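Peer 1: here is a sequence together with a model predicted from it:
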Amino acid sequence: MDEPSLLRTLTKVVTTLDAAGIEFAVAGGCAVYARGGPPSDHDVDVFVREDEVRAAQAALVEAGMRPVEPPEDWLTKVYDGDVLVDLVFRPNHRGVDALLERAEVMRIGSTRAKVLDGTDVLVDKLLVLGPHRCDFAPLLVIARDLREQVDWERVAVEVAESAYAKAFLVLLEELSVIEREGSPV
C-alpha cells in the first residue's frame, strides 16, 4: 500500500472518530511513522475501547468504509477502498485504557491525532513476535528510529513473558542500539 493512500485513510479515520466523539489512539506502523520511523506500508491501526468499537465501526461505515468481521476476538476491521483499517480493542490480550491515557497528540501527515507513546508502540510490536512471526529486521529499524522515545526498562518488564521479545532486547544491546541497567535481560 502506498504512503499517500494510507495517510488519506488515516485522516478520514481521525476526522470521523473525532466527530463521533470516540476516544482512540493511532497505533502500529502509522504511530511509528508519526514518531519519526519508517512509513507504514500495510494498514492503519487504531486502538479504541472495547465498549466503543462498534460505534467506531458504525461511524466509519457511515463515512463510506465497508465493514469486515474477522475471526479474531480482539479487533474488528473496515476497508476504505483497498486500505485496511484495524480497530483494535484488546492488543496482545491487554486492555487499552492505559495506552490511550499515555498517548499524545501529534501531527501525522495532514492531520493531528493521539498517537501511542514510543514505549507502548515497541511493546505492542514486540509482543507479536513468536515462532511464526520472528523477523527482527523491520523491528531493528523501528527501535533505532524511536530509541530515545522509549523507556526500555518498562519494555523489558512488559515483554518479560516472551522469549522472542527478550531475545530482541539482547540483540539491541549487543548492537549498541540501547543500553539498559541490570543487563542481561
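Peer 2: Received it, and whenever you're ready, just let me know what you need. Numbers count the residues shown, from 1 in each chain.

Peer 1: quick one: buried residues of the helix ranked longest in the chain?
Peer 2: For the chain, the helix that runs over the most residues, judged by DSSP state H, is helix 3-20. The neighbour-count check on helix 3-20 (16 or more other CB atoms under 10 Å) flags 6-14, 16-18, 20 as buried. For glycine as for every other residue, the C-beta is placed from the backbone atoms N, C-alpha and C.

Peer 1: please save the CA atoms from whichever helix or strand comes after it in PDB.
Peer 2: With elements assigned by DSSP states H and E, the helix or strand that comes after helix 3-20 is strand 24-27. These are the backbone C-alpha positions of strand 24-27, laid out as PDB (Å, rounded to 0.1, in the frame of the first residue of the first chain):
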ATOM      1  CA  PHE A  24      -8.800   6.500  20.100                       C
ATOM      2  CA  ALA A  25      -5.100   6.400  19.500                       C
ATOM      3  CA  VAL A  26      -3.100   5.800  16.300                       C
ATOM      4  CA  ALA A  27      -1.000   2.600  16.700                       C
END
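
Peer 1: quick check: mean pLDDT of stretch 104-123?
Peer 2: Here stretch 104-123 scores 96 as its mean pLDDT.

Peer 1: same deal with stretch 53-70?
Peer 2: Rounded mean pLDDT across stretch 53-70 is 97.

Peer 1: and of the buried residues of helix 3-20, the nearest to residue 123?
Peer 2: residue 10 (21.5 Å; CB to CB).
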